[in-house]
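Student: Okay, predicted coordinates and the sequence, questions at the end:
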Amino acid sequence: MTRDLVFEIGMEEIPAAYMPKALEDLKNNAVSLLNKARLNYTEVKTYGTPRRLTLYVRELNEKQEDAVIENRGPKKAAAFDAEGKPTKALEGFARSQGIDIREVTIKDVRGVEYVFAIKTEKGALAVDVLPSLLYELLKSLSFPKSMRWGRYAFRFARPIRWLLALYGKEKIEFNLENLISSNWTYGHRFLSKGRIEVKSPADYFQVLADNYVVLNQEKRKEIIWEQIEKIAQDLGGKALKDKALLEELNYLVEYPTAFAGSFSPSYLEVPEEVLTTTMIEHQRYVPVFDKEGKLMNVFIGVRNGTDKFIDVVRAGNERVLKARLEDALFFWKEDLKQPLEKMAEKLENILFHERLGTIRDKVGRIEDIALFIGETYSLSSKDKIIRSANLCKADLVSNMVYEFPELQGIMGRYYALNQGEDREVSEAIFEHYLPRFAGDEIPKTETGLVLSLAEKIDNLTGFFAMGIKPSGSQDPYALRRQAIGIVNIIIDSGLKIDLASVIAKAYQNVVPFNPKKTEDETKAEVLDFILQRMRGALLEKDISYDVIDAVLAVPTGDLNDVLKRTLLIQEFKKDEKFSDFMTVFSRCNNLSKKWNKVEVDCAVLEDESEKILYDEYLKVKGEIEGILDKGDYEKALERIASLRNYVDNFFNRVMVMVDDEQLKATRLGLLKSIVKLCDNIADFSKIVE
Amino acid sequence: MNFQEIILRLQNYWGKQGCIIQQPYDVEKGAGTMNPATFLRALGPEPFNVAYVEPSRRPTDGRYGENPNRLQHYYQYQVILKPSPDNVIDLYMDSLRDLGIDPEKHDIRLVEDNWESPTLGAWGLGWEVWLDGMEVTQFTYFQQCGGYDCNPVCAEITYGLERIAMFIQNKESVFDIEWVDGITYADVHHQGEVDYSYYNFEYADIDTLITMFNLCEKEAMRIAEKNLVLPAYDYVLKCSHLFNLLDARGAISVTERMSYILRVRNLARMIASEYLKQRRRLGYPLIKDENLRLKLLETEEV
């Protein structure tokens, strides 16, 4: 026999951001507790609104499954004496298990026979198990921040005010601080009055529906989006579909009603990003765009309630937005009065980091590193780099960015264009923050690209030099994201750049700030950190682990070279010449692994086969040097593979590990020399054939 | 409903709920939280229910009386309910009804907002209350104060009186609020906003303020050592206000900023610790349940 179970945790308004994980945890923890309790069911679902977290279990068995419990006792040898009579040990065991001596079973455990007590534990009734199970479930939920309230010690996201637990028509009662779970709930905070009795799980859903609560979060989200789309359509526009905003709106209301409001078109002179940020971040309104994709002077809000008195709500919201936009317009006009270079002067008052000086100091470092990259790799121009580096952080002291930190770079570009800066310089001010998040665009202009690399390499080098590195989930300065940014920029742009020399340049700039780490330590750590992100990027390109490991074992600061070599080896593995190559490498490497000299004394070579191998080696070596300089790894691999016959011949004809030390040394030296040729490209001992 | 009536109604409402109606504290402070009736009473095991108007000073928010929404001196209505009652949100909603704001006719939302005061070593979790999109109240369950866990936990309700008045009176500028018939908020406070803005941003003497900060800090420590909690706390409040003035004046570099905050926090922590000891020495007189009182006194020193 089964019944449905409904368990509702009634709370004061829980933060919207906590809800998705809370619903998932509630479900997963319930499943694991029910399974552990051997209570079968057909389905577990969770629902939530700002005021409730609800667990629904369909067709939950009224009884736990019976369990077979096996307890091991003494060894058989100790349980019975020579005459096969029970010993004291066995008697004690049987007594402790509450069974008769005749009921014990003998079982073999890894070759030794033991006495076992095998008992069937009768499943208990669900109604007896559920009170403590639900309490455990409640206790198992955790949140980013939790709190206490009143005189109680229990912690939760927000105070719990009621608990409903109904198994069929039966109440499941348990205590939590001052509360006892029962069979009543509450409806919408304002549209429903007082507590409401619930007769059964089915009744629960009806009661909430009747009391202005749309419990199902998916359904609620659909309703919200449908209403928003409809209103936008009526206004002749299209609503912005911002997933995060929609998710938050969904968990701010129990009974959604969308409404439109408008603002004076005069505010449209303020940059669009400012207006949408005000609407979304401050007011949780959905912006609307016209057919040409231009922002309209309207907004859509979502009320927690019906459309009754909606005009009052609209008027109130319009007034609030007007005050916000008035502020934004004021900031915009104020900021335009000040040229960017004036703002940039104030950067010396803003601390970048206590160990790394002010933002003004940072700007100096960016400029120096960017100039080095620009000059070395013939990118952008000296003038553009100096100008954009000096202005790129200026907007941090603008009124607008003070109000809306997420608009950094975006405002800088507006202000630059407004004061007639060069287009590329203006663009670079915005682009030096790119990419800002996974999947974000990378800089399009050369100046932006150079500046963005300089900004990120300065961050990594500066923090690493001060001994500040990400550890575990702790990465307060988002250094991982910046290293990934560097990798993406370099790979996407195909730029051939030696990171080691740029890091060295960045380190020189950090020297006046008394770094904790030496230049060599910093360079090694930063490069390794970036190469770790490179590894991730390569895995995403479906390059196999062994190839990546083999290539990264050859130190380099040129990411595109790494990319090229991995792609090539990945391909070469499918080539018929690959097995020739690996034979050459493996046979030479196996014997010379522990040998680290490459000297070959021609005079002691005896056999024709080794003389030929040596000659061929010299030929290949001569050719390869030129080939490698051009980065033509494919040709180099083929040439090494062509040594196969000579190598095979060599091993057929001579013994390497001979007693004559001099001869042995030369033969090992020859083998090592061939391995070294391969090592120019990758460490092939890591390749899985 | 004029400004004065709003205050009187709140006084009346919370008075009926059993709150002591205290008066503003006579030392400059940034928020009602810094009034000893909140900062100190939130500490320790004794219950306390209190409500009061608090004039609050935020020197950096001055706009020379030209911005319709920003003031460097404004009023909060502060309610502390300790321990927080189970129906605390209903009590708050009823206070809005008492002001003629029917939650049924508006859109009222509790939006996550976690409060933290680095200078007071205090933090709590709660919401901002949105009334048709306007933030009118800050609602916080105190978790820590002066670095000490709050037990029991109090609920702090802080109404922004000007915001509520603008809403009720349908005004677009704070200066147009009617204080009493024929007298506006501007009549009472506009010139003050202008004068203080000049002072805070342009004329305050930095050296004098720094000297005063150092003196007040020293005095706070000296008196705290003599277990004179309230007089010592007054000097902590003065330090906090002097820090805010220096900040508005642009006299505190970013590097120094943190060190000033830490200095004030250390003082706040010291006062909190002295206050807890003092209440214990007094035998927790506000705990009326004799058994509970004796039990608490038996437990180990904090």
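Tutor: Nice, thanks for sending it over.
Student: Low-confidence ranges, chain B, go.
Tutor: Scanning chain B for pLDDT under 70 picks out B:254-255, B:300-302.
Student: show me the contacts for the residue in the stretch 101-250 of chain B positioned nearest to chain A.
Tutor: Nearest to chain A in the stretch 101-250 of chain B, going by C-beta to the nearest C-beta, is B:D132, at a distance of 2.6 Å. (C-beta placed from N, C-alpha, C; glycine too.) By C-beta atoms under 8 Å, 6 or more residues apart in numbering or on different chains, the contact list for B:D132 reads A:312-313, A:315-317, A:320, B:106-107, B:167.
Student: cool, and A:E446?
Tutor: A:E446 neighbours (C-beta under 8 Å, 6+ apart): A:379-380, A:424.
Student: Reformat those residues as a markdown table; add secondary structure.
Tutor: Below are the contacts of A:E446 laid out as a markdown table (DSSP: H, G, I helix; E, B strand; the rest coil):
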| residue | secondary structure |
| --- | --- |
| A:L379 | coil |
| A:S380 | coil |
| A:E424 | helix |
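Student: Most neighbours out of the residues you listed, which is it?
Tutor: A:S380 (24 neighbours; other C-beta atoms under 10 Å in any protein chain shown).
Student: How about residue 116: which residues does it bridge to?
Tutor: I'll assume chain A. Bridge pairing for A:F116 (DSSP bridges) gives the partners A:R72, A:T105.
Student: if you could check chain B rather than the one you did, that'd help
Tutor: Applying DSSP bridges, one finds that B:E116 bridges with B:W123.
Student: isn't it right up against B:G126?
Tutor: No. Contact between B:E116 and B:G126 fails when scored by C-beta atoms under 8 Å: they sit 11.2 Å apart.
Student: Would you state the strands of chain B in chain order?
Tutor: Taking DSSP state E as the test, the strands found in chain B are B:20-21, B:48-57, B:73-82, B:108-112, B:115-117, B:122-131, B:134-145, B:148-149, B:155-160, B:178-180, B:183-184.
Student: From A:A323, how far off is the residue of the stretch 101-250 of chain B closest to chain A?
Tutor: Here B:D132 is placed at a distance of 12 Å from A:A323 (C-beta to C-beta, to the nearest Å).
Student: State the phi and psi torsions of the residue of the stretch 101-250 of chain B closest to chain A.
Tutor: phi 50, psi 40 (degrees, to the nearest 10).
Student: measure it to B:N67 for me?
Tutor: 21 Å.
Student: Report the buried residues of stretch A:287-294.
Tutor: Judged by neighbour count using 16 or more other C-beta atoms under 10 Å in any protein chain shown, the buried positions of stretch A:287-294 are A:287-289.
Student: Sort out for me which of the residues you listed are in strands.
Tutor: Per DSSP E, those map to strands at A:287-289.
Student: Mind picking the one among the residues you listed that's closest to B:G62?
Tutor: Nearest to B:G62 out of these is A:P287 (C-beta to C-beta; 32.2 Å).
Student: you'd agree A:A665 is up against A:N596?
Tutor: No. Taking contacts as C-beta under 8 Å, A:A665 lies outside contact range of A:N596: 11.5 Å.
Student: between those two, which one's more packed in?
Tutor: With neighbours defined as other C-beta under 10 Å, A:A665 and A:N596 compare such that A:A665 has more, 16 against 9.
Student: Look up how far A:G485 lies from the more buried one.
Tutor: 50 Å.
Student: With A:G98 instead?
Tutor: 67 Å.
Student: Which of the two has more residues huddled nearby?
Tutor: Ranked by neighbour count (other C-beta under 10 Å), A:G98 and A:G485 place A:G485 first, with 26 against 9.
Student: So which residues make contact with the host helix or strand of that one?
Tutor: Assigned by DSSP states H and E, A:G485 belongs to helix A:479-493. Contact with helix A:479-493 is made by A:434-435, A:437-438, A:442-443, A:449, A:452-453, A:456-457, A:459-460, A:463, A:469-470, A:475, A:495, A:497, A:499, A:529-530, A:532-534, A:536-537, A:559-560, A:563, as judged by C-beta under 8 Å, 6+ apart.
Student: Any of those buried? List them.
Tutor: The buried subset of the contacts of helix A:479-493 (16+ other C-beta under 10 Å) comprises A:434-435, A:442-443, A:449, A:452-453, A:456-457, A:459-460, A:463, A:469-470, A:495, A:497, A:499, A:529-530, A:533-534, A:537, A:559-560, A:563.
Student: Give me the subset of the residues you listed lying in strands.
Tutor: Among the buried ones among the contacts of helix A:479-493, no member falls in strands (DSSP E).
Student: domains for the chain, by residue range?
Tutor: All of this refers to chain A. A:2-64+A:125-210, A:67-121, A:217-336, A:342-540, A:573-686 (automatic domain parsing).
Student: switch to chain B, that's the one I care about
Tutor: Split by automatic domain parsing, chain B gives B:3-201, B:205-294.
Student: Next, the distance between the ends of the shortest one.
Tutor: Using C-alpha to C-alpha, to the nearest Å, the end-to-end distance of domain B:205-294 comes to 53 Å.
Student: related to what we said a few turns ago, quick one: average pLDDT of the helix holding A:G485?
Tutor: The average pLDDT within helix A:479-493 is 95.
Student: what's the answer for stretch A:428-445, then?
Tutor: Here the average pLDDT along stretch A:428-445 is 94.
Student: what's around the closest residue to chain B within the stretch 201-350 of chain A, how many residues?
Tutor: When distances are taken as C-beta to the nearest C-beta, the stretch 201-350 of chain A reaches nearest to chain B at A:G316, 2.6 Å away. Per other C-beta under 10 Å, the neighbour tally for A:G316 reads 21.
Student: what comes up buried for whichever strand or helix holds it?
Tutor: If you go by DSSP H and E, A:G316 is part of helix A:310-336. Within helix A:310-336, the residues scored as buried using 16+ other C-beta under 10 Å are A:310, A:313-314, A:316-332, A:335.
Student: For stretch A:373-381, which outside residues touch it?
Tutor: A:382, A:385, A:424, A:445-447, A:449-450, A:453-454, A:495-497, A:501-502.
Student: Check those residues against A:I612 and report the nearest one.
Tutor: Among these, and counting by C-beta to C-beta, the member closest to A:I612 is A:K496, at 38.4 Å.
Student: Which pLDDT does the model give that closest one?
Tutor: Reported pLDDT for A:K496: 91.
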